[in-house]
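Undergrad: here you go, sequence then predicted model.
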Amino acid sequence: HLRPSTAFLLNRPRLDGIEAQQLRHLQSNNGAAVSLLDDSDALGLVNSKCWEGISTSLYRLFWSLSLYDIYLPAKSYSVEMARLQNDSPPEVHKSDGREPLLQRLAAEFESQRSHVENVISSIDAMKEKLFPEAMMDKYLSSFFQHCVLPRIKTSQEDALFGSRFAQVLLQVDVPFFRA
């Protein structure tokens, strides 16, 4: 029997494809809320006691996303593009292949920026379902017990994801989620 954190880690590449389809669907439906997986997919992953303090929407969302989905390292892109531009005179850029590299880096930056905006918009659209009022007394400890703590033990990237995910929830002003 696999732990939920391991199951999601192994299935994240599959989930990325599902999420991409659903984000395209979200964009075509003028921002209608989208779920990343069915409730039935999440219900069987952990014991039933978990669902007394956490919504399946939050659980699915947390485990389906990656750091790429919610964080744009804009400063890193800027530093790298500046380094490529400043390492040699402009006439050398075209002859040594830096111009295409700069263009690809700029296109990648724009693609990820758009992706992060879309994901955050979808979180904003579903924010009312993430922390139901009826679960207020248990939600924070359940969220940390079943989501954050197992994931931060997985890798440094997942630890950073846990922190950034909480920042996104605060950014979109998810009801009943406070720092």
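TA: All right, it came through fine.
Undergrad: show me where the protein has its helices.
TA: 4-28, 39-43, 56-64, 67-70, 74-86, 90-96, 98-126, 136-143, 149-152, 156-171 (DSSP state H).
Undergrad: worst average pLDDT in the ones you listed?
TA: Note on these: helix 39-43 shows the lowest mean pLDDT, a mean of 51.
Undergrad: OK, contacts around Leu67?
TA: Glu157, Asp158, Leu160, Phe161, Arg164 (Cβ atoms under 8 Å, 6 or more residues apart in numbering). All C-beta spots, glycine's among them, are computed from the backbone N, C-alpha and C.
Undergrad: give me that answer again for 10 Å
TA: Contacts for Leu67 (Cβ atoms under 10 Å, 6 or more residues apart in numbering) come out as Pro73, Ser155, Gln156, Glu157, Asp158, Ala159, Leu160, Phe161, Gly162, Ser163, Arg164, Phe165.
Undergrad: what about the residue lying closest to the fifth one once chain neighbours are set aside, distance to Leu140?
TA: If the residues on either side of it in the chain are set aside, Asp158 comes closest to Arg151, at 4.7 Å by Cβ to Cβ, 6 or more residues apart in numbering. Between Arg151 and Leu140 the distance, using Cβ to Cβ, to the nearest Å, works out to 16 Å.
Undergrad: name the residue in these two with the higher neighbour count.
TA: Arg151 (21 against 17; other Cβ atoms under 10 Å).
Undergrad: wait, isn't the more buried one in contact with Trp63?
TA: Yes - with contact defined as Cβ atoms under 10 Å, Arg151 and Trp63 form a contacting pair (7.6 Å).
Undergrad: how many neighbours does the residue nearest to Asp87 when sequence neighbours are not counted have?
TA: Excluding its sequence neighbours, the residue lying closest to Asp87 (Cβ to Cβ, 6+ apart) is Arg98, at 7.8 Å. Other residues within reach of Arg98 by the criterion other Cβ under 10 Å amount to 17.
Undergrad: and what of Arg164?
TA: 16.
Undergrad: now swap in Leu65 and tell me
TA: 23.
Undergrad: read off the pLDDT value for it.
TA: Looking at Leu65, the pLDDT reads 91.
Undergrad: would you list the phi and psi of it?
TA: phi -90, psi 160 (degrees, to the nearest 10).
Undergrad: Ile123 is in contact with that one, correct?
TA: Yes - using Cβ under 10 Å, Leu65 makes contact with Ile123 at a distance of 8.7 Å.
Undergrad: for the two, list the residues in contact with both.
TA: Common neighbours of Leu65 and Ile123 (Cβ under 10 Å, 6+ apart) are Phe165, Val168.
Undergrad: just the buried ones among the contacts of Leu67, please.
TA: Asp158, Phe161, Gly162, Arg164, Phe165 (16 or more other Cβ atoms under 10 Å).
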